[in-house]
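Trainee: Predicted coordinates and the sequence they were generated for:
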Amino acid sequence: MIKDRNGQYSVDLIIAVGLFILSITTAFYYTISAFMPHYERFDTYASAYRISTLLCEDAGLNVTNGQLKTDWEKNGTINSLNPDWYNDLNTSIKRVGLSDYFRIIKLNSSYERCVPNVLNRTKVENFFNESWWNDSRRFDGQSGERLWRNLSILLTLNSSLYHYNVSLISLDGKKVEYQIGYPIPEYGEVAKFERLVVMDDVYNCIDSGGLCMNETSMKRLVVYVW
């Protein structure tokens, strides 16, 4: 007896396998597409968190004659006329941060020696002062959007993709004491992140044996990114 060695597949089986593969492909596609609209939102919130952390927990970095210092607010310089000023060897400000340094211990050997969430008043005043950034003796002059773009680089933010706004407000949120950056849009996806901080007046109280961490010294640092 001769046996038929040519196997044949049932039409029903072929249809079932095809429908199964189609179902898996469709489910995978819709699962991926469901998260795509939120990718940019996640990225902007991550950027807002990163900026707030940098400003509140870092004292900044100023490189002078090869030495790492935190006094960017005193004599830091940038050559803003150079489109790649942030890579320029003559640029001394590498990073901005508002955190205070250890004045009581008096060890300034490392730029990492800072006090998280305790802001240096001079750094705060200069960071939010557009006239300070526009000082032609220090920064070759900047104005308007150019200032905000350049400052965004010091905040580790891609200025070609995102806009930002940073403000320091009272604890109850009723008074904006400092603000810098682009106008906050009324519509659209805007990421917001807040940090509770203390101005460095608290040091005077510690040195004198008192404690001044109250409503007047505590502030809210608010960062918007979109």
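Mentor: Perfect, thanks for sending it. Keep in mind that what you see is a predicted model, and the values were worked out from it rather than measured.

Trainee: tell me the SS of the residue nearest to the spatial centre of the chain?
Mentor: Nearest to the geometric centre of the chain sits Ile51, at 1.9 Å (C-alpha atoms, centre = their mean). Here Ile51 is helix, with the state taken from DSSP: H, G, I helix; E, B strand; the rest coil.

Trainee: where does the chain dip in pLDDT?
Mentor: 1-10, 28-41, 80-81, 83, 86, 89, 102-113, 137-144, 200-216 (pLDDT under 70).

Trainee: Which parts of it are strands?
Mentor: 61-64, 67-69, 93-95, 99-101, 114-119, 164-170, 176-181, 191-199, 218-225 (DSSP state E).

Trainee: quick one on the thing from earlier: the residue nearest to the centre of the chain and Ile180, how far apart?
Mentor: From Ile51 across to Ile180, the span is 12 Å (C-beta to C-beta, to the nearest Å). (Glycine included, C-beta is placed from N, CA and C.)

Trainee: Repeat that for Trp85.
Mentor: Where Ile180 is concerned, Trp85 sits at a distance of 19 Å (C-beta to C-beta).

Trainee: How about Ile15?
Mentor: Distance from Ile15 to Ile180, by C-beta to C-beta: 64 Å.

Trainee: more crowded one of these two?
Mentor: Ile180 (17 against 10; other C-beta atoms under 10 Å).

Trainee: Excluding chain neighbours, what is closest to that one?
Mentor: Phe128 (4.9 Å; C-beta to C-beta, 6 or more residues apart in numbering).

Trainee: Contacts only, for the one you found.
Mentor: Val166, Leu168, Tyr178, Gln179, Ile180 (C-beta atoms under 8 Å, 6 or more residues apart in numbering).

Trainee: and those, which two are the farthest apart?
Mentor: Leu168 and Ile180 (9.5 Å; C-beta to C-beta).

Trainee: on that earlier part again, phi, psi of the residue nearest to Ile180?
Mentor: With angles defined as degrees, to the nearest 10, Phe128 sits at phi -90, psi 0.

Trainee: Relative to Phe42, how far out is it?
Mentor: For Phe128 relative to Phe42 (C-beta to C-beta), the value is 28 Å.

Trainee: now swap in Gly60 and tell me
Mentor: For Gly60, the distance to Phe42 - C-beta to C-beta - is 27 Å.
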